[in-house]
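Asker: Prediction below, plus the sequence it came from.
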Amino acid sequence: MYKIIAVAAFVTSAALALPVSALAGATPAPAAAHAYIGYPNDGQVVAANKPFRVWFGLRYMGVAPKGVKYPNTGHHHLLIDTDLPPMDQEIPSDRNHLHFGAGETETTIQLPPGKHTLQLLMGDDMHMPHNPPVYSKKITVIAR
């Protein structure tokens with residue numbers, strides 16, 4: 001009977017260890033961390049096809065460039081006219097997912113005429129979303 005208990009204890013402890021190792025790659029973020037777009041404001045009209053400034057806000061977390069692994073830090077990604085990407089994959093880099101891996105906290109963009117959405121998503125040193133993910137509310141801007 002002792003052998004059965006020992007085997008059961010080993011199997012149970014191995015099963016409990018499995019989820020921990022599956023989560024080992026996720027970079028933790030402070031629970032209260034919050035990203036926001038400081039400018040432009042939601043619903044604001046901007047000049048179409050002309051550069052305008054977008055500045056990024058972040059609370060309870062710091063900014064660090066890509067490749068710098070430091071607790072409670074990450075770098076911004078600006079999502080334009082798209083939804084949040086999968087949180088278990090590297091953030092794409094394309095015209096809808098702009099990376100600010102040097103630690104920038106603002107940029108200048110221009111948009112064609114129409115209604116557009118902007119949203120921020122923080123990424124860790126390897127462009128992966130944090131756990132829990134840190135992202136802003138999606139705002140709408142109108143380019144005229």
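Answerer: Received it, and whenever you're ready, just let me know what you need.
Asker: Helix or strand next in line after the least confident helix or strand in the chain by mean pLDDT, which one?
Answerer: Least confident helix or strand, the chain: helix 2-22 with a mean of 38, by mean pLDDT, DSSP states H and E. Going down the chain from helix 2-22, the next helix or strand is strand 34-39, by DSSP states H and E.
Asker: Could you list the paired strands of that following strand along with their orientation?
Answerer: When pairs are called by DSSP bridges, strand 34-39 turns out to pair with strand 52-59 (antiparallel).
Asker: residues in contact with Lys66?
Answerer: Listed by Cβ atoms under 8 Å, 6 or more residues apart in numbering, the contact set of Lys66 reads 75, 99, 101-102, 123, 125-127. Heads up, the C-betas are built off the backbone N, CA and C, glycines and all.
Asker: please redo it, this time with the cut-off set to 10 Å
Answerer: 74-75, 99-103, 123-127 (Cβ atoms under 10 Å, 6 or more residues apart in numbering).
Asker: Mind giving me the PyMOL command for buried ones among those residues?
Answerer: Applying 16 or more other Cβ atoms under 10 Å to the contacts of Lys66, the buried members can be selected in PyMOL as follows:
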select buried, resi 74+75+99+100+101+123+124+125+127
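Asker: Export the contacts of Lys66 as a markdown table, with columns for distance to Pro86, pLDDT and secondary structure.
Answerer: Shown next, in a markdown table, are the contacts of Lys66 (distance: Cβ to Cβ, whole Å; pLDDT from 0 to 100; DSSP: H, G, I helix; E, B strand; the rest coil):
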| residue | distance to Pro86 | pLDDT | secondary structure |
| --- | --- | --- | --- |
| Gly74 | 17 | 97 | strand |
| His75 | 19 | 97 | strand |
| His99 | 16 | 97 | strand |
| Phe100 | 20 | 98 | coil |
| Gly101 | 20 | 95 | coil |
| Ala102 | 25 | 97 | coil |
| Gly103 | 24 | 96 | coil |
| Gly123 | 13 | 96 | strand |
| Asp124 | 15 | 96 | coil |
| Asp125 | 19 | 95 | coil |
| Met126 | 15 | 94 | coil |
| His127 | 13 | 94 | coil |
